[in-house]
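[1] next input, structure requested:
(one chain, ligands or ions: 2)
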Amino acid sequence: MQILGIETSCDETCAAVVEDGRRVRASVVASQVALHRKYGGVVPEIASRAHLEALVPVVEEAMKEAGIDADAIDAVAVVHRPGLIGSLLLGLTAAKTLAWLHGRPLVGVDHVESHIYAASLERPAPVFPCVALIVSGGHTSLYRCDGPREQTRLGATTDDAAGEAFDKVASLLGLPYPGGPSIDAAAAHGSPKAVPFSRPWLGRDSFDFSFSGVKTAVLYHVRGQGAGAKRRRTHLSDPEVADVAASFQECVVDVLVGKTVRAADACGLDRIVLGGGVAANRRLRERMRRAAEEAGLDLVLPEMRFCTDNAAMVAGLAYHHVRAGQGDDLDLEARA
Ligand code: KG4
Ligand code: ZN
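    Numbers count the residues shown, from 1 in each chain. Ligands and ions are numbered 1, 2, ... in the order given. Below you'll find the predicted structure:
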């Protein structure tokens with residue numbers, strides 16, 4: 001079964017063709033990073049307009065890369081929630097039009113569920129059951145997953161998502177947009193022990209997260225008002241920036257790794273799956289790998305290109321919806 005997937009929930013215009021839920025025949029991503037850079041964040045109106053311009057060429061490129069024409073597509077899958085409403089509407093309208101034009105079923109997909117599914121792409125064996133940590137610009141959640149369509153949320157962020165914290169801290173440190181990859185790069189030259197930011201565990205048994213306090217602690221540290229800061233300052237040297245980046249990253253990674261391993265233990269499951277843009281973070285991947293090994297857990301990391309937003313994870317998950325008889329009508333709505 002060949003499924004065309006479309007993803008436009010935020011600032012990437014994505015289309016992909018996936019065969020039988022696993023084999024990625026094409027995955028095209030048109031990034032809008034250059035358009036949003038000067039604003040230091042995603043501007044929803046600009047994102048919508050850019051999706052409008054990119055959608056048709058991106059879908060055409062995916063079909064060309066897959067080497068198939070529209071007749072060979074069995075279903076059209078699209079992310080319809082959650083995300084920026086204007087952006088979602090563009091992908092949804094394109095998917096509805098294609099489904100109607102070619103007389104194929106339309107399948108609505110949840111963005112976060114598709115991030116969980118990303119680790120299943122290009123893998124011969126199923127990853128379920130598992131505990132999944134989804135860390136992106138909009139989400140930080142832990143799930144117990146018994147199948148591609150069966151998730152129970154164990155905990156989530158009570159304030160900022162992990163990616164959002166990375167982005168804001170990068171901006172405080174004067175690092176370039178987008179912040180996550182910049183912190184990742186800067187941290188490689190710093191010491192994770194330089195600044196002892198306190199770890200937000202939120203109680204011993206909690207699977208919830210909170211990263212806004214660490215972000216504030218970075219702000220005070222940068223301004224020179226934090227514990228241990230020697231003088232008031234607004235400009236840090238490059239080595240100081242690297243140290244703060246590495247210390248902040250270590251703090252977030254400690255909490256993400258600690259809670260995920262504990263969740264696997266609490267659920268009696270021996271596999272951990274990561275997903276979302278922050279799953280591309282090198283320190284998180286390395287520390288999670290080490291922790292899983294020590295705890296005797298199997299760790300499945302999505303390929304880097306399937307961590308950040310893409311449509312292959314959408315088309316892949318949709319295969320399971322289709323097999324379960326789940327499809328949507330053309331009045332399917334977008335939900336922010
Ligand atoms: O999943 P994603 O592409 O979009 C959302 O659904 O939000 O995630 C984007 C987020 C951004 O906050 C970005 O800074 C973060 O993922 N990110 C990273 C890295 N690469 C992307 N965060 C930390 N380290 C990275 N290497
Ligand atoms: Zn995402």
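
[2] where in the chain is pLDDT low?
    Across the chain, the ranges flagged by pLDDT under 70 are 225-234.

[3] how about the strands in it?
    Under the criterion DSSP state E, the chain carries strands at the ranges 2-7, 12-19, 23-31, 75-81, 106-110, 130-135, 140-147, 150-156, 271-275, 298-300.

[4] export only the CA atoms of stretch 6-15, formatted as CSV.
    Output of stretch 6-15 as CSV, limited to C-alpha atoms (Å, rounded to 0.1, in the frame of the first residue of the first chain):
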residue,chain,number,x,y,z
ILE,A,6,1.4,15.8,3.9
GLU,A,7,2.6,17.7,7.0
THR,A,8,2.4,21.5,7.4
SER,A,9,1.7,21.9,11.1
CYS,A,10,4.5,24.4,11.8
ASP,A,11,7.2,25.8,9.6
GLU,A,12,8.2,23.0,7.3
THR,A,13,6.3,22.0,4.2
CYS,A,14,6.6,18.2,3.9
ALA,A,15,5.4,15.5,1.6
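
[5] is any part of it close to ligand 2?
    No - counting by CB under 5 Å from the ion, ligand 2 is not contacted by stretch 6-15; separation bottoms out at 6.5 Å. (Each C-beta comes from the backbone N, C-alpha and C, glycine too.)

[6] please identify the buried residues of that stretch?
    In terms of neighbour count (16 or more other CB atoms under 10 Å), stretch 6-15 has its buried residues at Ile6, Glu7, Thr8, Ser9, Cys10, Asp11, Glu12, Thr13, Cys14, Ala15.

[7] reformat these as TSV; add distance to Asp160.
    Formatted as TSV, the buried residues of stretch 6-15 follow (distance: CB to CB, whole Å):
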residue	distance to Asp160
Ile6	28
Glu7	23
Thr8	24
Ser9	18
Cys10	16
Asp11	18
Glu12	21
Thr13	26
Cys14	25
Ala15	30
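
[8] out of the residues you listed, which is nearest to Leu256?
    Comparing these against Leu256 with CB to CB picks out Cys10 as the nearest, at 20.9 Å.

[9] about what we covered before: out of the buried residues of stretch 6-15, which are close to ligand 1?
    Judged by CB under 6 Å from any ligand atom, the overlap between these and the neighbourhood of ligand 1 comprises Cys10.

[10] quick one, the longest helix anywhere in the chain and strand 150-156 angle?
    With residue count as the measure and DSSP state H as the assignment, the chain has helix 238-267 as its longest helix. Interaxial angle, helix 238-267 versus strand 150-156 (axes from the mean of the first three to the mean of the last three CA atoms, to 10 degrees): 130 degrees.

[11] wait, what's in contact with Ala187?
    Ala242, Ala245, Ala246, Phe248, Gln249, Glu250, Arg283 (CB atoms under 8 Å, 6 or more residues apart in numbering).

[12] one more: Arg22?
    Under the criterion of CB under 8 Å, 6+ apart, the contact partners of Arg22 comprise Ser120, Leu121, Glu122, Arg123, Pro124, Gly316.

[13] which members of those occur in helices, if any?
    Using DSSP H, the subset of the contacts of Arg22 located in helices is Gly316.

[14] out of the contacts of Arg22, who's the most crowded?
    The most crowded member of these is Gly316, carrying 30 neighbours; neighbours defined as other CB atoms under 10 Å.

[15] rebuild the contacts of Ala187 as CSV, extending it with neighbour count.
    As requested, these are exported to CSV (neighbours: other CB atoms under 10 Å):
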residue, neighbour count
Ala242, 22
Ala245, 30
Ala246, 22
Phe248, 30
Gln249, 26
Glu250, 22
Arg283, 18
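
[16] contacts with ligand 1 among those, please.
    Residues shared between these and the neighbourhood of ligand 1: none [CB under 6 Å from any ligand atom].

[17] ok, these vs Thr158, which is closest?
    Nearest to Thr158, judged by CB to CB, of the contacts of Ala187 is Phe248 at 18.5 Å.

[18] wouldn't the closest one be in contact with Val169 here?
    Yes - with the criterion set as CB atoms under 8 Å, Phe248 and Val169 qualify as a contacting pair; they are 5.3 Å apart.

[19] what is in contact with the two at once?
    Both Phe248 and Val169 are contacted by Ile183, Val214, Val218, under the criterion CB under 8 Å, 6+ apart.

[20] next, count neighbours for the first one.
    Applying other CB under 10 Å, we find 28 other residues in the vicinity of Ile183.

[21] contacts only, for it.
    With CB under 8 Å, 6+ apart as the criterion, the residues that contact Ile183 are Phe166, Val169, Ala170, Leu173, Leu175, Ala245, Phe248, Gln249.
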